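**Student:** sequence and predicted model, in that order:
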Protein chains: 2
Amino acid sequence: MLFFTQCFGAVLDLIHLRFQHYKAKRVFSAAGQLVCVVNPTHSLKYAPTLCAAVQTSTEQGILPPCHHHDAVHDPQLVPCMCPLFSCPWEGHLEVVVSHLRQTHHINILQGAEIVFLATDMHLPAPTDWIIMHSCLGHQFLLVLRKQEKYEGHPQFFATMMLIGTPTQADNFTYRLELNRNQRRLKWEATPRSVLECVDSVISDGDCLVLNTSLAQLFSDNGSLAIGIAITTSKVHNSEAEM
Amino acid sequence: MLFFTQCFGAVLDLIHLRFQHYKAKRVFSAAGQLVCVVNPTHSLKYAPTLCAAVQTSTEQGILPPCHHHDAVHDPQLVPCMCPLFSCPWEGHLEVVVSHLRQTHHINILQGAEIVFLATDMHLPAPTDWIIMHSCLGHQFLLVLRKQEKYEGHPQFFATMMLIGTPTQADNFTYRLELNRNQRRLKWEATPRSVLECVDSVISDGDCLVLNTSLAQLFSDNGSLAIGIAITTSKVHNSEAEM
């Protein structure tokens, strides 16, 4: 009996997933993009991690902006930058992707343009939605975080980081796009390197920021679809065109 | 002597204005757009105005969303919708533009694409930057407001309203674009009608919202350049393309 109940639950989950997938496809179908449903994980970022330790001392003005390599002896070694877990792992940049996949079960998607469909946007802060994106010969980490910078006023922060060095990151531009209810919001920027803390990017506010009311306007039944595109950097800034 | 001091002050002001104009032109020169320097006005929106009165009762759940026409007897009569002043004027929609120009000295600009250069972004909230924009046979009101929705945390809200009816407003799409430091933020939406309160648009958060750190990233020496474009509505929403 228990077996049948579980099977029925699994089938219901599959139908729900399929339905969400269909909805996102409907919204972004014109581009024929790959849609990835991303479930939330309650953030444990306030647990003591290497990164959090560096961040704290940064806030006290002891260290320059939070870089993982400040905290390790070998600058080639990178502590686990997954913001979800208090993970003691550290390793070389080259094996970060396999660590994130194997240990933290973060999905990886292929393609220049994908749709990130974050479910259950109503969950209380802090919550993270994370995925890896393989594109143009590199791997990127997309982090959507719900966080209360000001108590009682949760906001959503979305950013893309390159699993590579800051110099490599400068060669790319990422775009996040929300499109719903005759409204469109686009954010374009150079990705940061994962050698910089995702926490510092978010505390600087140098990313796509949505307050709760905007997030609701762009959400469909509790899910937020974010179109993602990565390109090699062109001179997209008219300042540089001068 | 006083005369010379004043003249010197006026010349300095002109040089400053010219310099700001040049800077904005440099940023947006590629498009050959018209640049308008907009000076701030300390908002008096908390003074008792017709609109504020309606808003308050709306918040108490007595009335539907704040529409000026709820507050007047003749639906053709529009109270002054300039959010800066506690102005007792009311008149027909057709004479609103001349009232705003003559009584409140709000500039009007021509052209499909213009650049709104808001100066002195550091001034404390509440502060407004306002201009009228004449385009495609209609007049629009652009409002940039610095406001503390949450005490101690000022945010910037930018929206465009049609000086016309909601039905007329549905025929247009406006775009606000910030572009600086290899970052780009675009907001596209249907303008609201000035028959709706600008206060309610901002309190709903249904507009371009910038927190202080993002505003600083996009500002140049205390001035924020916003590229504005208005088009007649096309089906820019991929949902509608289905």
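**Tutor:** That came in fine, so what should we check first?
**Student:** who's in contact with the residue nearest to residue A:123 when sequence neighbours are not counted?
**Tutor:** Residue nearest to residue A:123 in three dimensions, not counting chain neighbours: residue A:40, with 5.4 Å by C-beta to C-beta, 6 or more residues apart in numbering or on different chains. All C-beta spots, glycine's among them, are computed from the backbone N, C-alpha and C. Going by C-beta atoms under 8 Å, 6 or more residues apart in numbering or on different chains, residue A:40 touches A:118, A:119, A:120, A:123, A:127, A:128, A:129, A:146.
**Student:** which residues does the second one contact?
**Tutor:** Right, the one you point to is residue A:119. A:20, A:37, A:38, A:39, A:40, A:222, A:223 are the contacts of residue A:119 under C-beta under 8 Å, 6+ apart.
**Student:** identify the residues contacting residue A:150.
**Tutor:** B:150, B:153.
**Student:** go again using 10 Å as the cut-off
**Tutor:** Contact analysis of residue A:150 by C-beta atoms under 10 Å, 6 or more residues apart in numbering or on different chains lists B:149, B:150, B:151, B:152, B:153, B:211.
**Student:** count of neighbours near the fourth one?
**Tutor:** As a burial measure, residue B:152 scores 6 neighbours (other C-beta atoms under 10 Å in any protein chain shown).
**Student:** please apply the same query to the last one.
**Tutor:** Residue B:211 has 17 neighbours, counted by other C-beta under 10 Å.
**Student:** do the same with residue A:213
**Tutor:** 13.
**Student:** go on, residue A:145?
**Tutor:** 26.
**Student:** for residue A:39, which non-adjacent residue is closest in space?
**Tutor:** residue A:119 (5.6 Å).
**Student:** quick check: pLDDT value at that neighbour.
**Tutor:** Residue A:119 carries a pLDDT value of 92.
**Student:** before we move on, what about residue A:26?
**Tutor:** Reported pLDDT for residue A:26: 47.
**Student:** again, but for residue A:130
**Tutor:** For residue A:130, pLDDT reads 90.
**Student:** that older thread, which one among the contacts of residue A:119 gets closest to chain B?
**Tutor:** Closest approach between the contacts of residue A:119 and chain B, by C-beta to the nearest C-beta: residue A:223, at 14.1 Å.
**Student:** hang on, the closest one packs against residue A:121?
**Tutor:** Yes - the criterion here is C-beta atoms under 10 Å, and residue A:223 meets it with residue A:121 at 6.7 Å.
**Student:** settle it for me: which of those two has more neighbours?
**Tutor:** residue A:121 (23 against 17).
**Student:** now do the SS call for the more buried one.
**Tutor:** Secondary structure, DSSP: H, G, I helix; E, B strand; the rest coil: residue A:121 is coil.
**Student:** just give me the longest strand of chain A.
**Tutor:** The longest strand of chain A (DSSP state E) is strand A:138-150.
**Student:** note down every partner strand of that strand and its orientation.
**Tutor:** According to DSSP bridges, strand A:138-150 forms sheet pairs with strand A:127-135 (antiparallel), strand A:153-162 (antiparallel).
**Student:** got those as TSV, with mean neighbour count columns?
**Tutor:** Below are these laid out as TSV (neighbours: other C-beta atoms under 10 Å in any protein chain shown):
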stretch	mean neighbour count
strand A:127-135	21
strand A:153-162	22
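**Student:** hmm, the helix or strand hosting residue A:35 touching chain B?
**Tutor:** Applying DSSP states H and E as the criterion places residue A:35 in strand A:34-38. No - against chain B, strand A:34-38 shows no contacts by C-beta under 10 Å from any C-beta of the partner chain, the least distance being 12.9 Å.
**Student:** angle of that strand against strand A:138-150?
**Tutor:** 40 degrees (axes from the mean of the first three to the mean of the last three C-alpha atoms, to 10 degrees).
**Student:** residue A:202 should be in a helix, yeah?
**Tutor:** Yes - assigned with three-state DSSP, residue A:202 falls within a helix.
**Student:** that one: neighbour count?
**Tutor:** 21.
**Student:** please apply the same query to residue A:180.
**Tutor:** Residue A:180, neighbours per other C-beta under 10 Å, totals 17.
**Student:** what's the answer for residue A:231, then?
**Tutor:** 16.
**Student:** list the contacts of it.
**Tutor:** Here residue A:231 is in contact with A:112, A:113, A:135, A:136, A:171, A:172, A:173, A:174, A:175, A:188 (C-beta under 10 Å, 6+ apart).
**Student:** any of those residues buried? List them.
**Tutor:** A:113, A:135, A:172, A:173, A:174, A:175, A:188 (16 or more other C-beta atoms under 10 Å in any protein chain shown).
**Student:** just the buried residues from the contacts of residue A:119, in ChimeraX please.
**Tutor:** What follows is the ChimeraX syntax selecting those of the contacts of residue A:119 that are buried according to 16+ other C-beta under 10 Å:
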select /A:20,37,38,40,223
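**Student:** got the contacts of residue A:119 as JSON lines, with pLDDT columns?
**Tutor:** Listed next are these as JSON lines, based on pLDDT from 0 to 100:
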{"residue": "A:20", "pLDDT": "54"}
{"residue": "A:37", "pLDDT": "77"}
{"residue": "A:38", "pLDDT": "79"}
{"residue": "A:39", "pLDDT": "75"}
{"residue": "A:40", "pLDDT": "76"}
{"residue": "A:222", "pLDDT": "91"}
{"residue": "A:223", "pLDDT": "94"}
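**Student:** circling back: direction included, what does the strand holding residue A:35 pair against?
**Tutor:** By DSSP bridges, strand A:34-38 pairs with strand A:113-118 (parallel).
**Student:** what's the closest of the buried ones among the contacts of residue A:231 to residue A:95?
**Tutor:** Nearest to residue A:95 among the buried ones among the contacts of residue A:231 is residue A:135, at 19.4 Å by C-beta to C-beta.
**Student:** tell me who's in contact with the closest one.
**Tutor:** Neighbours of residue A:135 in contact, by C-beta under 10 Å, 6+ apart: A:109, A:110, A:111, A:112, A:113, A:114, A:172, A:174, A:228, A:229, A:230, A:231.
**Student:** try 8 Å this time
**Tutor:** Residue A:135 sits in contact with A:110, A:111, A:112, A:230, where contact means C-beta under 8 Å, 6+ apart.
**Student:** ok, now how distant is the nearest residue to residue A:207 once chain neighbours are set aside from residue B:223?
**Tutor:** Excluding the flanking residues, the one nearest residue A:207 by C-beta to C-beta, 6+ apart is residue A:159, at 3.8 Å. Separation of residue A:159 from residue B:223 (C-beta to C-beta, to the nearest Å) stands at 26 Å.
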